[in-house]
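Q: give me coordinates for this.
(chains A and B)
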Protein chains: 2
Amino acid sequence: MEELTTKGKNAKEAANYLMKVSSDRKNDVLLHSAELLMRHKEEIIIANKKDLRSARKNGIKDTLLDRLILDEGRILGMAEGLREIASLNDPVGEVLSMNRRPNGLMIGKQRVPIGVIGIIFESRPNVTVDAFGLCLKTGNASILRGGKEAIHSNLAINRILQLSLTNCKFPVKAVQVIEDTTRESSLALMKLNGYLDLLIPRGGAGLIKTVVENSSVPVIETGVGNCHIYVDNYADIEKANNITINAKTQRPGVCNAAETLLIHSEIAEEFIPEICRKLSDKNVEIRGDDTVTKYYPGAKQATEEDWSTEYLNLILAVKVVDSLDEALNHIHAYGTKHSEAIITENYSHAQRFLNEIDAAAVYVNASTRFTDGYEFGFGAEIGISTQKLHARGPMGLKELTTTKYIIYGDGQIRV
Amino acid sequence: MEELTTKGKNAKEAANYLMKVSSDRKNDVLLHSAELLMRHKEEIIIANKKDLRSARKNGIKDTLLDRLILDEGRILGMAEGLREIASLNDPVGEVLSMNRRPNGLMIGKQRVPIGVIGIIFESRPNVTVDAFGLCLKTGNASILRGGKEAIHSNLAINRILQLSLTNCKFPVKAVQVIEDTTRESSLALMKLNGYLDLLIPRGGAGLIKTVVENSSVPVIETGVGNCHIYVDNYADIEKANNITINAKTQRPGVCNAAETLLIHSEIAEEFIPEICRKLSDKNVEIRGDDTVTKYYPGAKQATEEDWSTEYLNLILAVKVVDSLDEALNHIHAYGTKHSEAIITENYSHAQRFLNEIDAAAVYVNASTRFTDGYEFGFGAEIGISTQKLHARGPMGLKELTTTKYIIYGDGQIRV
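A: Below is the predicted model:
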């Protein structure tokens, strides 16, 4: 597809420039972009109204419509986001290690930009600004492919960001929004080998699956979280109550919310009625196994499907297990390797859980809701990786860089 | 494909076991495997003879035939390789960082095995042992798909390695060689999502291209090296001579050998006749631009194709450039981001080259031949990555691991 190839070439040229630019100059662009977004807010709001009109005409759901809206407050939020990114440390240039080899060669490993990063995302147009900011800060050019519902908003934002790049004497193609919102342009982006160094899908399970299955360029999968809380027989019951309620109800629609509660059989009779009542008070629907429905008759009967469902809603699957091993096996069988927590005061159980659970984030006595770039202290987040290559767990600025070896010699040859 | 799905399931189970195993026990398997390879060497040699017979019948080239041969010396080499891997530090378990967050959470980043690693390789059957050893040392299960020319040798080796696993009370499916050597089994391996965490192709450009284009599982591309030596106008000519000759001739058939020599025009008249004569003495064919053929009439005229060719042979493309910028642009246009070197005594030129060249390894005043896991001090090498994600440059044991976050709390919930 011609549009994509041209964009790919332009992005590569821009990336070659960005690689060499100082943090100060990159921050200038970020701050100037924030200023321009506010100065041109009317332009964005007018474009956004076009998107909202077609969305309403197409009978889009209210929750999706809400994500699409850009008003003055949200534009201010986007501008603030860019200012925050400007205030973070630039990871580019850091030498992670340098050693002298026996032959005198000094071999160092240095953090450098990845190059050209593609991001495919769904309706929220604020992702355009956020992705641009994170990529530019780390010296990467970005090619952004938003949803067709938000195309007018995205293109208006793109014009402002490109104006900012021009004003700051940066290559204008350091950020490019794809105009063509057909399925073809999306597939072409997934096959843009030679131009695109990395593709990150940000959105629902369907989008991520399509990208993983169709991409020949490297992908970082961000993803599904079927997270568990295991309340051990040695749990502090107060912690177990607080953490379970927090992990399930504090924000149920996100990937690090808990979806299944595992309870050791020794404490089932005491703990099940208490936690289920508290969860019910928070409007959580309980789907339990036989023991759960016995001790808490308000629970629905769970089916096999419940153990593998990411509800993203006020529903919790609850199961009783007879041992730590059974809990580990259940998580191994049904978990999505995102975030898993044990509640226990037993040292060996805590250590076994940390060692034996294979997930991006493994917790002892804390809520799974902490799996997040900001909570981890990264200052930013481009997504939460559930794959094992390159980045795992919350991805901040460092995860948008790669490394190269820099080698200082004085004439060494290999013998 | 049923064979692959079964192998995938078995490997996942084995990986779940390997994840928890101590370094001592993994080293026991490696040392015992070395012993068994020597004890069962006759069995390997008999199987290998079957492969050699069919290879000769199919009229295989002598150089390929040589790669296929396993004799006592080579089996000893494989056993020694396993002993060396056993002697290396196990990277698994290392906590790379741990910080206390303001809310008291201790968040650590710990190195853990990747899980199940697939390796597709060509004729050398010793890769079977090497890949098994590197994967086992790092707690990963491996699924190995060698070439059909070596299938009897590979299966004989597999039996011995599996016997060693059994004797050491490890799951026998920690290593599995794919019996089916059709193209279908290879494609099925590339699509084994859900079981395979990583696929590494080891072989020629054709194999790597097929794997990159067809895989839906994550791949680490090892690869092509069109490496340059740029001799700056501020070069120490003795270093320039030694390094050029070393980089071209010390082992011309490998990816880190130099393929193009760039020479600054200010030193062309002096340097070209000297280096070309020395290279000719080493049987190197020179393909030069007009200035090169003018100063060294023994050179052939280079064509556009020469600038992008990885000869892997005693041929060198030579071009004169008028500035460091022209050299950087040439490398940017034709390089494969593998290994690039500048020869200069000028501080600013050295720094610019290090900063502006986008390659896995960038050298000042040293031969590109050093891009190698052993030369970098990793003690082992699974390949040299030319991609930017996860691993770049020589890959040792650390590159066969991923990380997970381990979080110690005392009841924290998110507010």
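
Q: so what's A:Glu345 up against?
A: A:Glu345 makes contact with A:234-236, according to C-beta atoms under 8 Å, 6 or more residues apart in numbering or on different chains. (Each C-beta comes from the backbone N, C-alpha and C, glycine too.)

Q: now, which of the residues you listed sits nearest chain B?
A: Distance to chain B, by C-beta to the nearest C-beta, is smallest for A:Asp236 among these, at 7.2 Å.

Q: skipping its backbone neighbours, what lies nearest that closest one in space?
A: Taking C-beta to C-beta, 6 or more residues apart in numbering or on different chains, and ignoring the residues beside it in sequence, A:Asp236 has A:Glu345 as its nearest neighbour in space, at 5.5 Å.

Q: check which helix or strand the one you found maps to.
A: Mapping A:Glu345 onto the secondary structure by DSSP states H and E places it in no helix or strand at all.

Q: please report phi then psi for it.
A: When read as degrees, to the nearest 10, the backbone of A:Glu345 gives phi -110, psi 0.

Q: ditto for A:Met395
A: Per degrees, to the nearest 10, the residue geometry at A:Met395, taken as phi and psi, is phi -110, psi 120.

Q: what pLDDT does it get?
A: On pLDDT, A:Met395 comes in at 95.

Q: list the contacts of the closest residue in space to it that isn't next to it in sequence.
A: With C-beta to C-beta, 6+ apart as the measure, A:Ile382 is the residue that lies nearest to A:Met395, at 4.8 Å, once sequence neighbours are left out. Taking C-beta under 8 Å, 6+ apart as the definition of contact, the neighbours of A:Ile382 are A:131, A:134, A:200, A:202, A:373, A:395-396, A:399-400.

Q: just A:Tyr311 next, same as before
A: For A:Tyr311, counting by C-beta under 8 Å, 6+ apart, the contacting residues are A:252, A:259.

Q: that one belongs to a helix?
A: No - secondary structure assignment (DSSP: H, G, I helix; E, B strand; the rest coil) places A:Tyr311 in coil, not in a helix.

Q: pairing partners for the one helix or strand A:Ile229 maps to, with directions?
A: A:Ile229 is part of strand A:227-231 when elements are defined by DSSP H and E. Based on DSSP bridges, the strands next to strand A:227-231 in the sheet, each with its direction, are strand A:258-264 (parallel), strand A:339-343 (parallel).

Q: want to throw the ones you listed into JSON lines with mean neighbour count?
A: Formatted as JSON lines, the entries for those read as follows, by neighbours: other C-beta atoms under 10 Å in any protein chain shown:
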{"stretch": "strand A:258-264", "mean neighbour count": "27"}
{"stretch": "strand A:339-343", "mean neighbour count": "31"}
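
Q: what about A:Ala327, distance to chain B?
A: With distances defined as C-beta to the nearest C-beta, to the nearest Å, the gap from A:Ala327 to chain B amounts to 15 Å.

Q: and for A:Asn355, nearest residue in space, chain neighbours not counted?
A: The spatially closest residue to A:Asn355, leaving aside those adjacent along the chain, is B:Lys20, at 6.3 Å (C-beta to C-beta, 6+ apart).

Q: measure how buried the one you found is and give me the count.
A: When neighbours are defined as other C-beta atoms under 10 Å in any protein chain shown, B:Lys20 has 12 of them.

Q: okay, now the domains of chain A?
A: Here the domain parsing of chain A from automatic domain parsing is A:2-221+A:391-408, A:227-370.

Q: for the ones you listed, give me JSON lines that also has distance to B:Glu84.
A: JSON lines is the format used below for those (distance: least, C-beta to C-beta, whole Å):
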{"stretch": "domain A:2-221+A:391-408", "distance to B:Glu84": "17"}
{"stretch": "domain A:227-370", "distance to B:Glu84": "27"}
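
Q: given the longest strand that chain A contains, what are its sheet partners and their directions?
A: Counting residues, the longest strand in chain A under DSSP state E turns out to be strand A:401-412. Here the strand partners of strand A:401-412, with direction, are listed using DSSP bridges: strand A:106-113 (antiparallel), strand B:361-366 (parallel).

Q: show me which residues of the next helix or strand after the last one are buried.
A: Yep, that's strand B:361-366 we're talking about. Using DSSP H and E, the helix or strand that directly follows strand B:361-366 along the chain is strand B:383-385. Applying a neighbour-count criterion of 16 or more other C-beta atoms under 10 Å in any protein chain shown, one finds B:383-385 buried in strand B:383-385.

Q: again, but for stretch A:105-116
A: Judged by neighbour count using 16+ other C-beta under 10 Å, the buried positions of stretch A:105-116 are A:105, A:107-116.

Q: rewinding a little: tell me the one of the buried residues of strand B:383-385 nearest B:Lys294?
A: B:Ile384 (36.6 Å; C-beta to C-beta).

Q: which bits of the stretch 101-250 of chain A sit near chain B?
A: Listed as neighbours of chain B in the stretch 101-250 of chain A under the rule C-beta under 8 Å from any C-beta of the partner chain: A:101, A:105, A:107, A:112, A:114-115, A:193, A:197-198, A:212-213, A:216, A:218-220, A:236, A:238-239, A:242-243, A:245-247, A:250.

Q: among those, which ones are in helices?
A: When DSSP state H is applied, those are split such that A:212-213, A:238-239, A:242-243, A:245-247 fall in helices.

Q: quick check on those: which are buried?
A: Burial by neighbour count, 16+ other C-beta under 10 Å: within these this picks out A:212, A:239, A:242-243, A:245-247.

Q: per-residue confidence for the residue of the stretch 1-150 of chain A found nearest chain B?
A: Chain B sits closest to A:Ile114 of the stretch 1-150 of chain A, with a gap of 5.2 Å, by C-beta to the nearest C-beta. A:Ile114 carries a pLDDT value of 97.

Q: quick one: contacts for it?
A: For A:Ile114, the contact set (C-beta under 8 Å, 6+ apart) comprises A:138, A:140, A:197-198, A:400-402, B:388-389.

Q: what about it, distance to B:Glu356?
A: Distance from A:Ile114 to B:Glu356, counting by C-beta to C-beta, to the nearest Å: 16 Å.

Q: ditto for A:Ser153
A: Distance of A:Ser153 to B:Glu356, given as C-beta to C-beta: 37 Å.

Q: how about A:Val116?
A: Counting by C-beta to C-beta, the gap from A:Val116 to B:Glu356 is 17 Å.

Q: got it, and A:Gly393?
A: Distance, A:Gly393 to B:Glu356, using C-beta to C-beta: 32 Å.

Q: A:Asn48 is in contact with A:Ile151, correct?
A: No - counting by C-beta atoms under 8 Å, A:Ile151 stays clear of A:Asn48, with 10.7 Å between them.

Q: looking at those two, which is more packed in?
A: The neighbour comparison of A:Ile151 against A:Asn48 (other C-beta under 10 Å) goes to A:Asn48, with 23 against 20.

Q: so which residues of the stretch 1-150 of chain A form strands?
A: A:95-100, A:106-113, A:116-121, A:141-145 (DSSP state E, counting those that start in this stretch).

Q: can I get these in a markdown table including distance to B:Asp28?
A: Compiled in a markdown table, the strands of the stretch 1-150 of chain A are given as follows (distance: least, C-beta to C-beta, whole Å):
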| stretch | distance to B:Asp28 |
| --- | --- |
| strand A:95-100 | 30 |
| strand A:106-113 | 32 |
| strand A:116-121 | 44 |
| strand A:141-145 | 49 |
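
Q: so which of these is nearest A:Ile406?
A: That would be strand A:106-113 among the strands of the stretch 1-150 of chain A, by C-beta to C-beta, at 4.8 Å.

Q: you'd agree A:Ala350 is in a helix?
A: Yes - checked against three-state DSSP, A:Ala350 lies within a helix.

Q: pLDDT at it, what is it?
A: 98.

Q: report the mean per-residue pLDDT for stretch A:201-216.
A: Predicted confidence along stretch A:201-216 averages 87 (mean pLDDT).

Q: count of residues packed around A:Asn233?
A: For A:Asn233, the tally of surrounding residues (other C-beta under 10 Å) stands at 18.

Q: so it sits against A:Ile263, correct?
A: No - at 9.2 Å, A:Asn233 does not count as touching A:Ile263 under the criterion of C-beta under 8 Å.
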